[in-house]
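*Asks:* Below: sequence and its predicted model.
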Amino acid sequence: MLNERQPILQMRRIHKHFPGVKALSGVDFRLFPGEVHALMGENGAGKSTLIKVLTGVYSIDEGHVELEGQELIVRSPLEAQAAGISTVYQEVNLCPNLSVAENIFIGREPRRLGRILWKEMNQKAADLLQERLQLHIDVTQPLDTYSVAVQQLVAIARALNISAKVLILDEPTSSLDRNEVEQLFRIMNNLKKEGLSILFVTHFLDQVYEISDRITILRNGEFVGEYMAQELPRIELVAKMIGKDLRLLEELPTLAEGEGSAAKEVMLEASGLGKKGAIEPFDLSIHRGEVVGLAGLLGSGRTEIARLLFAADRPDQGTLLAEGEGVATPRQAITQGIAFCSENRKTEGIIGDLSVRENIILALQATRGWYQTISRKRQEEIADEYIRMLNIHPNDPEQLIKNLSGGNQQKVLLARWLLTEPKLLILDEPTRGIDIGAKAEIQKLVLTLSQKGMSVLFISSELEEVLRVSNRVAVLRDRRKVTEIADKELNQQNVMQAIAGG
């Protein structure tokens, strides 16, 4: 037994199903008084679903929850809050136009004869922030005049004011700088000493080991295990999150063997490129005909790098050059031969109410300008050619793209960008959520394109996939690039060790 004390919160054999999806299958979770318990898992592991079950957003299909030894049934976040369970989200869910004091006491303002006692409320809010959180601010000012870090502390103060027994912090550090993180951790340690139980959700491995007493790992909606943080080596944590037994790891040879990429022409070069709160400054070069993979856990900064390299986000520092020319906007990126397939194909990729044909020709038409319209006949020829080339099903170019499977939608997006004949193709999670056959076709296409001289930046949560197609892999951890691995050193063991760090 990990701890002889009785848990304040216990979730047993929790099941939650949605149509066609088992979000949680028999998940267990325990939280003890006065501890910080990290809930870990990759995208789709079930962390968010478990929190929503606990806080009454979702009902439980099977299983039960106990709080302080008593069965807990909550049907709404308000009932969860009344029971003593409060949540502070990454995006603070308070009222930015109200004052700090109003946000802390909203719905519970001190009143006399129906009128709010403003002076009393402001004084109580100031005392609470100063005594419990060591925060000295003007509580009469609107919440949105303060930083995200201060807003999160205000949300914590509200939870403390309603006598929370369990505090859930869901990605609280994702928008904070290092000093703000340290301030938050000091407060978490103080609250822990007071006996408050904290459920901490984060993707940052360094932070997990800095603040957490215990770790629970979920994978694919299932319970992997509960561990004392000091007894779980980092690389074992990574292995359990992505489902690898380190004792069985073997080197997986890549299909794209290196061919002296350093001697090839540089297609894209980033020097000291960074954006505060997104990714620390990094250097990265991509040579012509080279496939560079980005490896790292969810939240490590992979997508942030992709967006900076396409100039979709504006950096705070550094330079970005495509064949020696500066790149500052997506339009310039496209003009200089850079294409970007976003990981979020539903909202940043496909246009659901347009046909396959219309989605395919979209980028090419944009590069030509709307005064040089591609004729309908030429559109149909192009669509037919790429439907055949990429094996898109169904092969009807007039089918609405929203009616296609995820894999075929992804192929249409690839067709859209290939039609512009890019020099560099940025693929962010191109195989997420698609079947194994479509994955193999896309991987094969990446290798074929690189052999024809196209450069590719390949991002995937599946490490085997990154290794399979990449000449070189840049490893990310906690929003910074930590190393590059290539040639004979490029194998699962070395990449996972770099991801784990420490």
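*Replies:* Yes, it's here. Numbers count the residues shown, from 1 in each chain.

*Asks:* number of nearby residues for Lys192?
*Replies:* 18 (other CB atoms under 10 Å). Every residue, glycine included, has its C-beta placed from N, CA and C.

*Asks:* Remind me which helix or strand it belongs to.
*Replies:* If you go by DSSP states H and E, Lys192 is part of helix 178-193.

*Asks:* Now do the same for the closest residue to Leu232 other than its chain neighbours: its pLDDT.
*Replies:* Computed as CB to CB, 6 or more residues apart in numbering, the closest residue to Leu232 that is not its neighbour in sequence is Ile215, at 6.0 Å. With respect to pLDDT, Ile215 scores 97.

*Asks:* Identify the residues contacting the helix holding Lys192?
*Replies:* If you take CB atoms under 8 Å, 6 or more residues apart in numbering as the criterion, helix 178-193 is touched by 34-36, 132-134, 147, 149, 152-153, 156, 160, 167, 169, 172-173, 176, 198, 200, 207, 210-211.

*Asks:* among those residues, which ones are buried?
*Replies:* 35-36, 132-133, 149, 152-153, 156, 160, 167, 169, 172-173, 176, 198, 200, 207, 211 (16 or more other CB atoms under 10 Å).

*Asks:* Compute the mean per-residue pLDDT across the helix or strand hosting Ile14, please.
*Replies:* Ile14 is part of strand 9-18, with elements assigned from DSSP H and E. For strand 9-18, mean pLDDT rounds to 94.

*Asks:* Also stretch 324-339?
*Replies:* 91.

*Asks:* Please work out which residues outside it touch it.
*Replies:* Against stretch 324-339 from outside (CB under 8 Å, 6+ apart): 268, 309-312, 314, 319-323, 340, 363, 366-367, 417-418, 420-426.

*Asks:* mind running it again at 6 Å?
*Replies:* 310-312, 320, 322, 417, 422-425 (CB atoms under 6 Å, 6 or more residues apart in numbering).

*Asks:* Domain map for this structure?
*Replies:* 1-84+165-232, 92-156, 261-500 (automatic domain parsing).

*Asks:* Take the ones you listed and lay them out in TSV including distance to Val238.
*Replies:* Shown next, in TSV, are the domains of the chain (distance: least, CB to CB, whole Å):
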stretch	distance to Val238
domain 1-84+165-232	8
domain 92-156	27
domain 261-500	5
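
*Asks:* Tell me if Val238 really is in a helix.
*Replies:* Yes - assessed with DSSP: H, G, I helix; E, B strand; the rest coil, Val238 lies in a helix.

*Asks:* ok, back up a step: the helix or strand following the strand holding Ile14 pairs with which strands, and in what direction?
*Replies:* Next in sequence after strand 9-18, counting helices and strands by DSSP H and E, comes strand 21-31. Taking DSSP bridges as the criterion, strand 21-31 sits next to strand 9-18 (antiparallel) in its sheet.

*Asks:* So for the partner strand, what gets flagged as buried?
*Replies:* 9-11, 14-16.

*Asks:* just stretch 326-346 next, same as before
*Replies:* Those would be 327, 332-334, 336-343, 345, for stretch 326-346 by 16+ other CB under 10 Å.

*Asks:* out of these, which one sits closest to Ser375?
*Replies:* Nearest to Ser375 among the buried residues of stretch 326-346: Ile334, at 22.0 Å, using CB to CB.

*Asks:* What strand or helix carries that closest one?
*Replies:* Per DSSP H and E, Ile334 falls inside helix 330-335.

*Asks:* what about dumping the CA coordinates of the helix or strand that that helix is followed by to CSV?
*Replies:* Next helix or strand after helix 330-335 toward the C-terminus (DSSP H and E): strand 338-341. The C-alpha coordinates for strand 338-341 follow below in CSV (Å, rounded to 0.1, in the frame of the first residue of the first chain):
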residue,chain,number,x,y,z
ILE,A,338,6.3,26.8,-47.5
ALA,A,339,3.1,24.8,-47.0
PHE,A,340,1.5,24.0,-43.6
CYS,A,341,-1.0,21.3,-42.8
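
*Asks:* quick one on the thing from earlier: can I get the buried residues of strand 9-18 in CSV with distance to Val356?
*Replies:* Below are these laid out as CSV (distance: CB to CB, whole Å):
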residue, distance to Val356
Leu9, 49
Gln10, 51
Met11, 45
Ile14, 41
His15, 38
Lys16, 35
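
*Asks:* chain center to the helix holding Lys192, what's the gap?
*Replies:* 23 Å (CA atoms, centre = their mean, to the nearest Å).

*Asks:* what's downstream of that helix, the next helix or strand?
*Replies:* Following helix 178-193 toward the C-terminus (DSSP H and E): strand 197-201.

*Asks:* tell me what the helix or strand just after that next one is packed against?
*Replies:* Using DSSP H and E, the helix or strand that follows strand 197-201 towards the C-terminus is helix 205-211. Packing contacts for helix 205-211, counted by 3 or more CB pairs under 6 Å, 6 or more residues apart in numbering; DSSP states H and E, involve no helix or strand.

*Asks:* Now do helix 205-211: everything it contacts.
*Replies:* 36, 38, 185, 478.

*Asks:* could you point out where the stretch 301-450 of the chain is predicted with low confidence?
*Replies:* Counting by pLDDT under 70, the stretch 301-450 of the chain shows low-confidence ranges at 345, 433-439.

*Asks:* Can you give me every residue that contacts the residue most central in space within the chain?
*Replies:* The chain has Gly299 as the residue nearest its centroid, 4.3 Å off, counting by CA atoms, centre = their mean. By CB under 6 Å, 6+ apart, the contact set of Gly299 is His203.

*Asks:* Please apply the same query to Ser300.
*Replies:* Per CB under 6 Å, 6+ apart, neighbours of Ser300: 476-477.

*Asks:* In three-state terms, label it for me.
*Replies:* coil.

*Asks:* same deal with Asn122?
*Replies:* Counting by three-state DSSP, the backbone at Asn122 sits in helix.

*Asks:* Excluding chain neighbours, what is closest to it?
*Replies:* That would be Ala101: by CB to CB, 6+ apart, it lies 4.7 Å from Asn122.

*Asks:* Surely Thr49 is in a helix?
*Replies:* Yes - under three-state DSSP, Thr49 falls within a helix.

*Asks:* OK, contacts around it?
*Replies:* Contacts for Thr49 (CB under 6 Å, 6+ apart) come out as 16, 23-24.

*Asks:* Any idea how many residues pack against the residue lying closest to Val57 once chain neighbours are set aside?
*Replies:* Excluding its sequence neighbours, the residue lying closest to Val57 (CB to CB, 6+ apart) is Pro77, at 6.3 Å. For Pro77, the neighbour count with other CB under 10 Å is 16.
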